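Asks: Sharing a sequence plus its predicted fold:
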Amino acid sequence: MPELPEVDIIKQSLKKTILHKKIRKVLINNKNLRFKLDSTFEKNINKTKVLNVTRKAKYLVINLDNNKFLLMHFGMSGTLHLVRNINNRNTNLSFYKDLKLPIKHNHVEIFFSKFKLVYNDPRRFGFIKIIDNLEKLKLYFKRLGPEPPERRFNLNYIQVKFKHIKKNIKSTLLDQNIISGLGNIYVNEILFSAGIIPTKKTHNLKLKNLKDLIIFSKKILKNAIKKGGSSIRDFQNTSGNKGKFQDEFKVYGKENTICPRKNCTGKITKIFISNRSTFYCKLCQK
DNA sequence: AAGAGGCCCTGATAGC
DNA sequence: TGCTATCAGGGCCTCT
């Protein structure tokens, strides 16, 4: 599900709610995610305090006061829900107001004094993992390329990097080892804004193309975060609110509509690249 | 050895 | 209505 902007929205929600709070109880309903939940999971996080919440690419990182890190990835369908206790004075933690909380696939529930965080993932492509210390966390992220919002994601970087990449630009932008944080939606949108056809070979891109890719990937992600992310199907922040960026999609899911670019009369076409749906305008993306 | 494709899952929706 | 097929915000693994 979430790409960089959506995970950022989750991070922002959590910063307002769980920072400096203590984990009171951990409930594991289903260990089966992409990777089976570690048997020491509960022991590692129970009774700890949340020191910080950060995001790296599409990963959410919760920094605990035992120097360990709770790492989450949401795959295609993972969500995190904040469920408030409707009776604050109730200490047995059993009554919660349900914010459209899914019933099935609530893999893990993390209880704080006045609410709980619920990790839900029907398709189980996501995972939760404990990382023992900062060194191991850095090592875990070592393979990831720069994210578009970062300064090191710049013209010089992609000029050097793209020169020897022969695959199509869409696959390159989705490759987390080259650029991290982008997923299928935003890659489609970025390529449209940059006027680049998704099947274009990466090493054949012109200087203008590279400049546009930098500009639009930064711009589109920034705007998406500002709009609260994209809610297609069921993405929502931890409080159950939906994002608005899906209203600004130019090509994603817009098969057979007229190209929104000014003075362009092309039609949005759908093709598959590496089994991922790809939308573009045949006329203005070259 | 880079790059293409299969596969891991469940659920919603389309089409018959 | 109820079946079957197709398709989903991802990424790891294998094969060439």
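Replies: In hand now; what should we look at? Numbers count the residues shown, from 1 in each chain, chains lettered A, B, ... in the order given.

Asks: all contacts plus neighbour counts: C-alpha atoms, from now on.
Replies: Noted.

Asks: check contacts around the residue in the stretch 151-286 of chain A that DNA strand C sits nearest to.
Replies: Residue nearest to DNA strand C within the stretch 151-286 of chain A (C-alpha to the nearest atom of the strand): residue A:183, separated by 3.0 Å. By C-alpha atoms under 8 Å, 6 or more residues apart in numbering, the contact set of residue A:183 is A:3-4, A:174.

Asks: Switch those over to a markdown table; also include neighbour count, distance to residue A:20 and secondary structure.
Replies: Formatted as a markdown table, the contacts of residue A:183 follow (neighbours: other C-alpha atoms under 10 Å; distance: C-alpha to C-alpha, whole Å; DSSP: H, G, I helix; E, B strand; the rest coil):
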| residue | neighbour count | distance to residue A:20 | secondary structure |
| --- | --- | --- | --- |
| A:3 | 23 | 26 | coil |
| A:4 | 25 | 24 | helix |
| A:174 | 17 | 35 | helix |
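
Asks: Shouldn't residue A:216 be within a strand?
Replies: No. Read with DSSP: H, G, I helix; E, B strand; the rest coil, residue A:216 is helix and lies in no strand.

Asks: That one against residue A:195, yeah?
Replies: No. Assessed by C-alpha atoms under 8 Å, residue A:216 is found out of contact with residue A:195, at 10.3 Å.

Asks: DNA strand C next: which of the contacts of residue A:183 are close?
Replies: The subset of those lying close to DNA strand C, counting by C-alpha under 7 Å from any atom of the strand, consists of A:3, A:174.

Asks: Kindly indicate which of the contacts of residue A:183 lies nearest residue A:275.
Replies: Of all the contacts of residue A:183, residue A:174 has the smallest distance to residue A:275: 12.5 Å, by C-alpha to C-alpha.

Asks: List the contacts of the residue in the stretch 51-200 of chain A that DNA strand B sits nearest to.
Replies: Scanning the stretch 51-200 of chain A for the residue nearest DNA strand B gives residue A:166, at 3.2 Å (criterion: C-alpha to the nearest atom of the strand). Taking C-alpha under 8 Å, 6+ apart as the contact definition, residue A:166 lies against A:201-203.

Asks: again with residue A:50
Replies: By C-alpha under 8 Å, 6+ apart, the contact list for residue A:50 reads A:18-23, A:62-65.

Asks: Am I right that it sits in a strand?
Replies: Yes. Residue A:50 forms part of a strand when assessed by three-state DSSP.

Asks: So what's the gap between the helix-or-strand element of chain A with minimal mean pLDDT and the chain middle?
Replies: Scoring the helices and strands of chain A by mean pLDDT, DSSP states H and E places strand A:79-84 at the bottom, with a mean of 89. Here strand A:79-84 is found 16 Å from its chain centre; the criterion is C-alpha atoms, centre = their mean, to the nearest Å.

Asks: returning to that earlier point: host element of the residue of the stretch 51-200 of chain A closest to DNA strand B?
Replies: Per DSSP states H and E: residue A:166 is located in neither a helix nor a strand.

Asks: I'd like the mean pLDDT over stretch A:170-177, please.
Replies: Stretch A:170-177 shows a mean pLDDT of 97.

Asks: Mind checking what secondary structure the nearest residue to residue A:277 once chain neighbours are set aside has?
Replies: Counting by C-alpha to C-alpha, 6 or more residues apart in numbering, residue A:277 lies nearest to residue A:271, which is 6.0 Å off, once chain neighbours are set aside. Three-state assignment for residue A:271 (three-state DSSP): strand.

Asks: same deal with residue A:107?
Replies: Counting by three-state DSSP, the backbone at residue A:107 sits in strand.

Asks: what sits against it?
Replies: Applying C-alpha under 8 Å, 6+ apart, the residues near residue A:107 are A:28-32, A:118-121.

Asks: For DNA strand C, state which of the residues you listed is nearest.
Replies: For the contacts of residue A:107, the minimum distance to DNA strand C (C-alpha to the nearest atom of the strand) is 11.5 Å, reached by residue A:121.

Asks: Great, nothing more from me.
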